[in-house]
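Novice: could you look at this predicted model? Sequence included:
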Amino acid sequence: MKASVLTRVAAQSILKNKMRSLLTMLGIIIGVGAVILLVAIGQGAQSRIQQQIENLGTNMLVISPGSSSQGGVSRGMGSFNRLKVDDVEKLQRESFLLAAVSPVIATGGQLVGGQGNWRSRINGVSVEYLAIRDWDVEFGRNFDAADVRSMKKVVLLGRTVAENLFPGQDPVGQQIRIRNVPFQIIGVLAEKGQTPEGSDMDDVTLAPYTTVQTRLAGHQYIPQILASTFSPGDIPAAQEEITAIMREAHGLASWEEDDFTVRNQSDLSEAAQGTTEVMTLLLAAIASISLLVGGIGIMNIMLVSVTERTREIGIRMSIGARGSDVMTQFLVESTVLSAAGGLLGLLLGLGGARIISSATGWTTTISPLTVVVALAFSGAIGIFFGFYPARQAAELDPIEALRYE
Amino acid sequence: MNDTANVIRTRGLTKTYVTGATEVRALRDVDFDVQQGEMVSIMGASGSGKSTLMNILGCLDRPTSGSYELDGTRVDGMDRNARADIRNQRIGFVFQGFNLLPRTSALEQVELPLLYDRTGRKGSSRDMAARALERVGLGDRMDHEPSELSGGQQQRVALARALVTEPAIVLADEPTGNLDTRTSIEVLAVFQELNAQGITILVITHEHEIARYAKRIVRFRDGRLMQDEPVLDRRNAVVDLAEWHDPDEDDTASAFAPIPASEGGAA
């Protein structure tokens, strides 16, 4: 039989039993709908988590001085300090991929003021540092470019520092002294929490790096440069760009090795990616079970249908239908049923995802791949679960089938 | 008789069913010929083997032994698919219970055998189905479903379906079994008309009066062909219809004489 005839016969048979066809499809409709919806929620969660991790600084790059070796003896990381403010400025000027660049000059010291004194890390940074770290100022303000240029003696206190020096008070506008140098507090940072290693990120004091260089550190070298890209996808390209700019800045010949290193936070990003992928897979697996149950429902109804239509099969065989014709008819019927169910399920899933998005504010993402896979899978289910009933039909004895009441 | 070709020719046709320890010999050594253009009635009580013969002649079943030539071709040894193709192209079935597909229009019913045709027949199957329906006088009922047709009309749809592939033979198994007397004669009139056009027809029946519309009657008993004789007083369905009186209106006149118990009562 021709394909067009087959489809017509299948469509007729489905339309002649509308209620039963709908109930048969219901399993597939719910199954495909569930897969689409849950995967949409899973992928939405994935992109949301990815977003949050980006905020933590997955698009952050760390440039450190490289090691030097003298007479074959490697002196270890940072043994030859060659990062300078010029490097920072050159990066800011020449890079296309970097959103923000900041030197970090770390030192430490006793802070005196308010209710007593406190020993804290002191980081000399640029205005862009807070943007790179996705860190907010909770009270007061960040220092600005003018403060940096004029080496103003202003500081931002981390939450822990502020609470220890000024318990229950507003430190903004107050004076503290660091190594006997007076500084004005212009802001307090939002709480950041702990690093994975357990150190307190809030136990820090930020000051313009120019001020730290001249007043506290007493040298021009920069132990570390932080930079951030516009998106995590730019990280590899940005790494190459930084390397090129830095090599030029340091006047390295092509045979010379880099005297700095550029590292990224992609491990964290990859781990998070992995976790959310597992979660999406888990959701898809759970939803697939309902698709499987839907498939078994189709097989069940097709078996009933074969029994119910034994006489019809006998008639068809008596007028010359081969076993393969009967088998194809039932296979096409079950495939059309489950494919139609898949299509309806797709609409259900898409609608459901929209409703959930607007009701809960969750992001839902529907990728074309999900749609294609769900539809292909529902068609395959029709063929797989239709096969056994179709073979039962094809193997009927025409005489017995004609006699069947 | 030698100037016409044999459509059916069986020699030593035997069918034995084995159920557990018992053997049922449904057909024993049957030699049976049907010539082109004949209309033959096959009679016999239930269990006489006439249904088994019908199944074998219709290529629904295979004989245990013996040979069967249909239209000059040996078909007794053919496999399932080959027999399906023979049924499709050479044989037209008409059944007692009409065996039409439910909720399917007359035209689609008649078109059905053409959809299973593997010979690459030319022309529109729809037109051929329409012509077959016109041939049985149902040109104005093509879009009707079985539930919208009378018993006689349903049987004529079945007949059109049997004819549409221009088979070598039409096998009718108790074609009037589900019809009242008048409708039976109407359907037999169509059979006789088609036979007059040269179509070979085999009618299986246990009613002697129905059998007498054929040209020849063969009788079976216990799986054996017992009697094979021409019908001398052949009835004409058209004449009988013209003379028809409803027994409820006038019970003195009937188209049928009472059926003698020795001949037709056993089924």
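Specialist: That came through, no problem.
Novice: distance of the closest residue to residue A:165 other than its chain neighbours relative to chain B?
Specialist: The shortest distance from residue A:165 to any residue other than its chain neighbours is 4.0 Å, reached at residue A:114 (CB to CB, 6 or more residues apart in numbering or on different chains). C-beta coordinates here come from the backbone N, C-alpha and C atoms, glycine included. Distance, residue A:114 to chain B, using CB to the nearest CB, to the nearest Å: 91 Å.
Novice: in contact with residue A:335, which residues?
Specialist: Contacts for residue A:335 were tallied using CB atoms under 8 Å, 6 or more residues apart in numbering or on different chains; they are A:379, A:382, A:383, A:386.
Novice: give me the pLDDT value at the residue nearest to residue A:165.
Specialist: On pLDDT, residue A:114 comes in at 76.
Novice: tell me how many other residues crowd it.
Specialist: 20 (other CB atoms under 10 Å in any protein chain shown).
Novice: ditto for residue A:351
Specialist: Neighbour tally, residue A:351, other CB under 10 Å: 13.
Novice: returning to what we had before: against chain B, which of the contacts of residue A:335 make the cut? List them.
Specialist: Among those, no residue lies close to chain B (CB under 8 Å from any CB of the partner chain).
Novice: make a ChimeraX selection of whichever of the residues you listed turn out to be buried.
Specialist: A single ChimeraX command selects the buried members of the contacts of residue A:335 (16 or more other CB atoms under 10 Å in any protein chain shown):
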select /A:379,382,386
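Novice: report the two of the contacts of residue A:335 separated the most.
Specialist: For those, the maximum inter-member distance is 10.4 Å, found between A:379 and A:386 (CB to CB).
Novice: would you map the helices across the stretch 101-250 of chain B?
Specialist: B:106-115, B:125-135, B:151-163, B:181-196, B:208-211, B:237-242 (DSSP state H, counting those that start in this stretch).
Novice: now these in JSON lines, with distance to residue B:225?
Specialist: What follows is these, written out as JSON lines (distance: least, CB to CB, whole Å):
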{"stretch": "helix B:106-115", "distance to residue B:225": "30"}
{"stretch": "helix B:125-135", "distance to residue B:225": "32"}
{"stretch": "helix B:151-163", "distance to residue B:225": "24"}
{"stretch": "helix B:181-196", "distance to residue B:225": "22"}
{"stretch": "helix B:208-211", "distance to residue B:225": "15"}
{"stretch": "helix B:237-242", "distance to residue B:225": "26"}
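Novice: quick one, strands of the stretch 1-150 of chain A?
Specialist: Taking DSSP state E, counting those that start in this stretch, the strands of the stretch 1-150 of chain A run over residues A:60-65, A:69-70, A:73-74, A:98-113, A:116-125, A:137-140.
Novice: elements contacting the longest one?
Specialist: Contact analysis of strand A:98-113 by 3 or more CB pairs under 8 Å, 6 or more residues apart in numbering or on different chains; DSSP states H and E lists helix A:85-94, strand A:116-125, helix A:129-132, helix A:159-165, strand A:175-178, helix A:209-211, strand A:224-229, helix A:235-249 as its packing neighbours.
Novice: would CSV of these with distance to residue A:41 and mean neighbour count be doable?
Specialist: Shown next, in CSV, are those (distance: least, CB to CB, whole Å; neighbours: other CB atoms under 10 Å in any protein chain shown):
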stretch, distance to residue A:41, mean neighbour count
helix A:85-94, 40, 16
strand A:116-125, 39, 20
helix A:129-132, 31, 20
helix A:159-165, 35, 22
strand A:175-178, 49, 18
helix A:209-211, 45, 23
strand A:224-229, 29, 24
helix A:235-249, 28, 17
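Novice: returning to that earlier point: what touches both of residue A:379 and residue A:386?
Specialist: With CB under 8 Å, 6+ apart as the test, residue A:379 and residue A:386 both reach A:335, A:338.
Novice: which SS class is the closest residue to chain A within chain B?
Specialist: Chain B approaches chain A most closely through residue B:88 (2.3 Å), counting by CB to the nearest CB. Per DSSP: H, G, I helix; E, B strand; the rest coil, the secondary structure class of residue B:88 is helix.
Novice: one step back: let's have the helices of the stretch 101-250 of chain B in JSON lines, adding mean pLDDT.
Specialist: JSON lines is the format used below for the helices of the stretch 101-250 of chain B (pLDDT from 0 to 100):
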{"stretch": "helix B:106-115", "mean pLDDT": "91"}
{"stretch": "helix B:125-135", "mean pLDDT": "92"}
{"stretch": "helix B:151-163", "mean pLDDT": "93"}
{"stretch": "helix B:181-196", "mean pLDDT": "92"}
{"stretch": "helix B:208-211", "mean pLDDT": "91"}
{"stretch": "helix B:237-242", "mean pLDDT": "90"}
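Novice: I'd like these as CSV, with mean neighbour count appended.
Specialist: Listed next are the helices of the stretch 101-250 of chain B as CSV, based on neighbours: other CB atoms under 10 Å in any protein chain shown:
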stretch, mean neighbour count
helix B:106-115, 24
helix B:125-135, 18
helix B:151-163, 25
helix B:181-196, 20
helix B:208-211, 22
helix B:237-242, 14
